[in-house]
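A.B. asks: predicted coordinates and the sequence they were generated for:
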Amino acid sequence: MLEAKNIIKSYGTLEVLKGVDIHVQKGEVVSIVGASGAGKSTLLHILGTLDSADQGALQINGHHISTLSSKSVSKFRNKHIGFVFQFHNLLPEFTALENICIPGYIAGGDDKKIEQRALELLKMLRLEKRSRHKPSEMSGGEQQRTAVARALINNPAIIFADEPSGNLDSKNAEELHRLFFGLREELQQTFVIVTHNDTLADMADRKLEMRDGNIIA
């Protein structure tokens, strides 16, 4: 599903990634852990095509990212990649249903099919009663589950999550963790998760530890 080789990234004189290799299989849940400043989020952003490496090769779902133009990378990201961040980043003026549909609209799909898919996801994530609610009318856990549904709307090949439960209380964090693994079982969804949450990290199929810009274990 994903293969990255010799990923190198610097900001000025600061070397953040020093030749990282990583591979992820379809349907696998991989966690990435390490101290702050180890390079976890930088790696996640490069793997998710939000940033580019100074050196190295990245292949996702059979596509060689380095061969794509900037415009093609944006289209690829919208179609093949989903994101869940620590803060849900929902647009406050739109309902849960509308927020979920936005990536589908951007991809240029049929509006009715997109909305039907969004409603199916809302039901799957036990949010059907919140479809017409705006983020301010939902709990933190509901907002984050809405963000997960948004990440799933285009049936992505892989979902990248950056501290997805970092802003949730323990109950909602546990529920979100179970949700990820439920989606893996039900949809064969692939996840790469950066987290400081030991429980979530240890639940993964593989736990990769980063230190000083390298994967050490």
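C.D. replies: Okay, I see it.
A.B. asks: residue ranges with poor pLDDT in the chain?
C.D. replies: Scanning the chain for pLDDT under 70 picks out nothing.
A.B. asks: where do the helices sit along it?
C.D. replies: Counting by DSSP state H, one finds helices in the chain at the ranges 40-47, 70-80, 96-107, 111-124, 140-152, 170-187, 198-203.
A.B. asks: mind putting these into a markdown table with distance to residue 32 and mean neighbour count?
C.D. replies: Every C-beta, even on glycine, is put in place using the N, C-alpha and C of the backbone. Formatted as a markdown table, the helices of the chain follow (distance: least, C-beta to C-beta, whole Å; neighbours: other C-beta atoms under 10 Å):
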| stretch | distance to residue 32 | mean neighbour count |
| --- | --- | --- |
| helix 40-47 | 5 | 22 |
| helix 70-80 | 19 | 14 |
| helix 96-107 | 24 | 20 |
| helix 111-124 | 26 | 16 |
| helix 140-152 | 17 | 23 |
| helix 170-187 | 14 | 15 |
| helix 198-203 | 8 | 16 |
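A.B. asks: specify the stretch among those helices that is closest to residue 163.
C.D. replies: Among these, the nearest to residue 163 by C-beta to C-beta is helix 40-47 (8.3 Å).
A.B. asks: just the C-alphas of the closest one, formatted as PDB.
C.D. replies: Provided in PDB are the C-alpha atoms of helix 40-47 (Å, rounded to 0.1, in the frame of the first residue of the first chain):
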ATOM      1  CA  LYS A  40       7.100  11.900  13.500                       C
ATOM      2  CA  SER A  41       4.700  14.600  12.200                       C
ATOM      3  CA  THR A  42       7.100  15.700   9.500                       C
ATOM      4  CA  LEU A  43       7.300  12.100   8.300                       C
ATOM      5  CA  LEU A  44       3.500  11.800   8.400                       C
ATOM      6  CA  HIS A  45       3.100  15.000   6.300                       C
ATOM      7  CA  ILE A  46       5.500  13.800   3.700                       C
ATOM      8  CA  LEU A  47       3.900  10.300   3.500                       C
END
